[in-house]
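In: All I have is the shape, not the residue letters:
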């Protein structure tokens with residue numbers, strides 16, 4: 001005799017066992033009676049709590065026979081197997097991209113439709129998938145359940161932890177097909193590829209200058225906004241870029257980390273060292289287009305070009321005489337005597 005089916009009063013779904021119906025009812029009520037002792041997260045079923053605990057313990061009882069990779073859930077191992085078989089039976093009708101799982105295809109299709117059905121209750125930001133929403137919510141809760149076993153640094157998502165682990169292992173699985181340079185993350189490779197393609201997809205709305213990375217654009221925008229978020233703790237001077245602050249701080253510390261290998265002279269800036277090296281190499285990369293005379297510094301070329309253009313941008317405030325070089329103006333001012341000095345001692 002067939003068992004009598006038990007029907008849910010809310011959605012009419014039928015179940016064989018009372019315990020299964022009771023667990024199902026929690027999907028309607030939102031009740032989560034099974035709490036994690038570590039992070040206090042609640043679950044509707046005890047089995048879900050058991051699986052969740054493995055995040056904290058690191059237990060991965062299901063191992064892949066091909067690559068020995070471990071998994072916390074059997075269902076995740078089954079999905080992983082398809083990496084080795086290469087079977088991707090689910091194909092997108094729009095772009096023909098194939099997937100090993102129907103759920104992955106369903107999520108991918110939203111990139112074409114623009115559908116984002118999962119919304120954060122706190123900031124109302126929408127997401128393509130429930131997993132993306134779940135990862136995002138940890139920004140608000142501060143939860144970081146994934147711990148690095150090497151340095152104990154915690155992360156909010158398993159993917160962040162995987163990327164971090166490459167710092168310790170030195171693994172760089174993403175290789176440029178043009179120059180064979182390798183990278184630890186796919187995003188780093190994508191940014192690098194723009195060196196070869198010349199692509200600059202990020203454009204400044206003010207001056208229309210384009211950049212290959214969003215971070216470069218953000219840094220550039222400080223030119224227009226005047227933002228200077230990096231402040232010297234010694235003299236309170238602010239700078240728009242962290243690298244400029246670091247250079248400035250050497251004026252206080254006296255640090256000169258860049259040393260010439262030939263004469264051992266030290267410099268606070270790498271650019272100063274590069275210019276200095278030309279004394280030893282004799283390199284003169286800056287050439288005058290008029291007379292082909294070469295110079296080791298761009299500033300020297302600029303001064304020289306005035307001999308061709310006749311430009312004299314430095315003016316004496318006393319007699320209005322013009323000079324092409326600031327040093328010549330300073331020498332000239334001495335002919336007027338101390339009464340025309342800009343500083344008066346009392």
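Out: Yep, that arrived. Since we're looking at a predicted model, the values are computed, not measured.
In: Flag the helix or strand of this protein with the lowest per-element mean pLDDT.
Out: Sorting the helices and strands of the chain by mean pLDDT, DSSP states H and E puts helix 74-85 at the bottom, at a mean of 85.
In: in the stretch 101-250 of the chain, which spans are helices?
Out: 102-113, 130-141, 158-169, 186-197, 214-225, 242-253 (DSSP state H, counting those that start in this stretch).
In: Name the residues of the fourth one that come out as buried.
Out: Pointing back at helix 186-197 there. By neighbour count with 16 or more other Cβ atoms under 10 Å, helix 186-197 contains the buried residues 189, 191, 192, 193. Where C-beta positions appear, they are placed from N, C-alpha and C, glycine not excepted.
In: before we move on, the earlier item: let me have the helices of the stretch 101-250 of the chain in CSV, adding mean pLDDT and distance to residue 336 as columns.
Out: Converted to CSV, the helices of the stretch 101-250 of the chain look like this (pLDDT from 0 to 100; distance: least, Cβ to Cβ, whole Å):
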stretch, mean pLDDT, distance to residue 336
helix 102-113, 91, 74
helix 130-141, 91, 66
helix 158-169, 91, 64
helix 186-197, 92, 55
helix 214-225, 92, 39
helix 242-253, 92, 33
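In: I'd like to know which of these lies nearest to residue 149.
Out: Set against residue 149 and scored by Cβ to Cβ, the helices of the stretch 101-250 of the chain come closest in helix 158-169, at 8.7 Å.
In: Figure out how far that closest one is from the centre of its chain.
Out: 15 Å (Cα atoms, centre = their mean, to the nearest Å).
In: do stretch 210-222 as well
Out: The mean C-alpha position of stretch 210-222 is separated from the chain mean by 12 Å, Cα atoms, centre = their mean.
In: Could you do stretch 132-139 as well?
Out: Distance, centroid of stretch 132-139 to centroid of chain: 18 Å (Cα atoms, centre = their mean).
In: Name the residues that touch it?
Out: Outside stretch 132-139, the residues that touch it by Cβ atoms under 8 Å, 6 or more residues apart in numbering are 118, 119, 120, 122, 125, 127, 144, 156, 157.
In: out of those, who's nearest residue 18?
Out: residue 118 (31.8 Å).
In: Could you double-check that that closest one sits in contact with residue 125?
Out: No - taking Cβ atoms under 8 Å as the definition, residue 118 is not a contact partner of residue 125, at 9.6 Å.
In: quick one, which of these two is more surrounded?
Out: residue 118 (17 against 14; other Cβ atoms under 10 Å).
In: before we move on, the earlier item: how about TSV for the buried residues of helix 186-197, with distance to residue 257 added?
Out: Formatted as TSV, the buried residues of helix 186-197 follow (distance: Cβ to Cβ, whole Å):
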residue	distance to residue 257
189	30
191	27
192	27
193	32
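In: center of this protein, which residue is that?
Out: The residue lying closest to the centre of the chain (Cα atoms, centre = their mean) is residue 215, at 7.2 Å.
In: Any chance of the helices of the stretch 101-250 of the chain in TSV with distance to residue 301 as columns?
Out: TSV is the format used below for the helices of the stretch 101-250 of the chain (distance: least, Cβ to Cβ, whole Å):
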stretch	distance to residue 301
helix 102-113	52
helix 130-141	52
helix 158-169	44
helix 186-197	28
helix 214-225	26
helix 242-253	24
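In: Of all those, which one comes closest to residue 312?
Out: Closest among the helices of the stretch 101-250 of the chain, using Cβ to Cβ: helix 214-225, at 30.1 Å.
In: buried sites along that closest one?
Out: 217, 219, 220, 221.
In: after the least confident helix or strand of the chain comes which helix or strand?
Out: Downstream of helix 74-85, the next assigned helix or strand under DSSP states H and E is strand 90-91.
In: so how far is residue 215 from residue 176?
Out: To residue 215, residue 176 is 20 Å away according to Cβ to Cβ, to the nearest Å.
In: Likewise for residue 37?
Out: 41 Å.
In: How about residue 169?
Out: For residue 169, the distance to residue 215 - Cβ to Cβ - is 25 Å.
In: low-scoring stretches of this structure, by residue?
Out: 1-3, 338-346 (pLDDT under 70).
In: check which helix or strand covers residue 9.
Out: Per DSSP H and E, there is no helix or strand for residue 9.
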